[in-house]
Structures are given as structure tokens and as C-alpha cells.
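In: fold the following, please.
(one chain, ligands or ions: 1)
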Amino acid sequence: MTPLDLAPPGIVVNSMKGDPDEHRVGGWLAWDGKLEGLEAGLIGVPFDGASVVRTGARHGPDAVRQAFMYYTTFSSRDGRAMTALKAADLGDVKVNLTDMSATFTSISNAARALVERGIVPLSIGGDHWVAYPLLHGVTQALAGKRVGIIHFDAHHDLRKAHLGAESSGVPFRKALEFPGSPILGRNLVQIGMGEFANSPELLGYAREMGVTVVPQLEVAERGMASVVERAIAIAADGTDALYVSVDIDAIDQSQAPGTAAPNPCGLDARDVQAALRRIAQHPKMAGFDLVEIAPAYDLQGITARTGAMLVLNVLYGLSLSRADSG
Ligand SMILES: [Mn+2]
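Out: Numbers count the residues shown, from 1 in each chain. The predicted model follows:
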């Protein structure tokens, strides 16, 4: 079994842990050091060495952890808590900002180690390149099984390369093309592509590979609920596992300004909230990442709070699926 080798979380905001009426997220996610019985593991991936626009997402994991201080584990809509799910913040992947090859191995091994133990990895990046080693690790752990992907982003991230090298624009092409990849284009659904943010070559490649693309304006026309139901059907068709990747730049800049490429006409965070909650309830849900939160460009922590809320909705969805099955 792949060893799990992580650094402790850089920040743990848990000042009210002792108050039994608080139910703060930080208290719930505090890790007791045991992996046995865990169902979901939060990991930070503080690597932004592949960002070609603006760096800074290396500070995303701690910004999201800090934002957890505002929130609890209780769903007001459903009148239920998510604490039956065994989840913890396991710390950060040991990345090396000047060594992409070693960093690839560290990230891939972290995801692999968790999935091998039946733990759903919830990764907070980092720039979007990290989704490639994460997907690599997940597929290694699920050897012989097929994986479908639902990807929220303003961009396809299907580039072959940037000036010949890997970048934050390549992860999903890499995921489709690495040797032995069990990910087929027809099980990849991309939601939220922005206007005037992509190129004909990328859409052409997506079509050639059978990728389903739902641009932001189509989401606005059809509504997120129906888009998500179709996305689940496509990503789950013939696959054994579902992986979800969220680039925060899929979301409108009013709700997510702190990112490398802010999006003036992006998705509504409330729609993405509902979408993630729905997808995370799926029994095949096997991994999640949230990337491109860069606190240096943020305004008063808006983006980190949006990101924290999205992570909580994934955790809540997972808690509902576990409750349903047991
Ligand atoms: Mn992206």
C-alpha cells in the first residue's frame, strides 16, 4: 500500500473547538492521526509552479482553511449535520516549487494512498496542473477501473503544452492521454467555459475526443440542475468512479475575484453549490479538487469563503451518500 506522507496543515483555525454548541468545521476536521475508518480526507496541494497567468494559488489551501472558521457542519435546509461522515484535514502534500517531476510523484502518491484506503481525497490547490497528478494517483489506486470526470472551469484546460512545457492549461488533455489512462473523452464533461476565454483548437480537440462541453451561456439558458443531471449520466456511463474538478475561475468574479484569471460573466456560486452537493451524493464519487484560489488577488477573503463553502457542500453530499447506504 502506498504510504501517506504529508506535512501538517499550515494553519488550523479552531479557536472555538471547546464550545459544544459551536459545531465549527475546523473542530470537526481536526485529525487524530488515524487513517482507519476515514471516509474523506482533505489535503492541501500548495503548488503553483505551473501557472502561466499569475501565480499565488500555493496559498489557496491555508486561505480556505482559514475561511472554515465562519462555518459549521449543519445544513439549515435539511436540518441535519454532516458529522456522521468520518472526515479530517490531513495536511499538505510535500511539493517542491522548483521540481515539477518530484511534485508530480508526491501529489500522485498522496491521492493514490487515500483512494487505496477507501478515503475520498478532497484536494485544495494549487494551480490547475495539480489535477493531472491527482487524477493519475486516483487511477493508479483504481487499477483496471474506468473514471469519469465532471470539470467546472471557464477554460478547457485541454492544451497540449505552453511553449513546449506542461502548465496549468494542460491537466485534462494529460489525464486523457497518459499511458494506460482509464479516462475516456466521452466520460469527461466540462461545465462553464467562458466567452472569449478559449480557442477553436481546444474546442476542436474536445469534440475529437468526444468530450461534452457546456459553456457558461448554455448553463444560463438551460439551468444548472438539468446540466448536472446530464453531466452525471455521461460521466457515470460505463465508469466505476467519478472525479470532480473545480477551477474557482468558473465562478463569477463578484464571488471569486481572487484567482489568476477572474471571470466577469461566470457561473453563480449558488448554482455550483447545488451542483456539487448533488454530484457528491453519487455512490461512484471518488475524488475532488478545488483549484486556483489565489489569496493575494482576493478581496477581503471573498474567494476563500466561496471555496470553503464549495468544499463543505462536497463533504455534505458525501455525508448524505454514506447515510443512505448505511
Ligand atoms: Mn482550470
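In: what ranges do the helices span in the chain?
Out: 25-29, 60-67, 100-116, 131-141, 171-177, 200-208, 216-222, 224-236, 269-280, 302-325 (DSSP state H).
In: what's the helix or strand of the chain with the lowest mean pLDDT packed up against?
Out: Least confident helix or strand, the chain: helix 25-29 with a mean of 90, by mean pLDDT, DSSP states H and E. Judged by 3 or more C-beta pairs under 8 Å, 6 or more residues apart in numbering; DSSP states H and E, the packing partners of helix 25-29 are strand 87-93. Quick note: C-beta positions are derived from backbone N, CA and C, even for glycine.
In: direction included, what does the strand it packs on pair up with?
Out: Taking DSSP bridges as the criterion, strand 87-93 sits next to strand 6-7 (antiparallel), strand 40-45 (parallel) in its sheet.
In: figure out how far it is from the centre of its chain.
Out: Centre-to-centre, strand 87-93 and its host chain are 14 Å apart (C-alpha atoms, centre = their mean, to the nearest Å).
In: and for stretch 98-114?
Out: Per C-alpha atoms, centre = their mean, the centroid offset for stretch 98-114 relative to its chain is 16 Å.
In: mind listing what's buried in it?
Out: Neighbour counts over stretch 98-114 (16 or more other C-beta atoms under 10 Å) mark Met100, Thr103, Phe104, Ser106, Ile107, Ser108, Asn109, Ala110, Ala111, Arg112, Ala113, Leu114 as buried.
In: repeat for stretch 253-273
Out: 253, 255-263, 266-267, 269, 271-273.
In: mind showing which ranges of the stretch 201-326 of the chain have poor pLDDT?
Out: Counting by pLDDT under 70, the stretch 201-326 of the chain has low-confidence residues at 324-326.
In: mean pLDDT for the strands paired with strand 87-93: which is lowest?
Out: Set side by side, these differ in mean pLDDT, and strand 6-7 is lowest with a mean of 94.
In: can you list the neighbours in contact with it?
Out: Contact partners of strand 6-7, identified using C-beta atoms under 8 Å, 6 or more residues apart in numbering, comprise Ile43, Leu90, Gly91, Asp92, Val93, Lys94, Ala110.
In: how about the stretch 51-200 of the chain: which residue is closest to the ion?
Out: His128 (3.6 Å; C-beta to the ion).
In: which residue is the nearest non-sequential neighbour of the residue nearest the centre of the chain?
Out: Centroid-nearest residue in the chain: Asp289, 1.6 Å away (criterion: C-alpha atoms, centre = their mean). Nearest residue to Asp289, sequence neighbours excluded (C-beta to C-beta, 6 or more residues apart in numbering): Ser123, at 4.2 Å.
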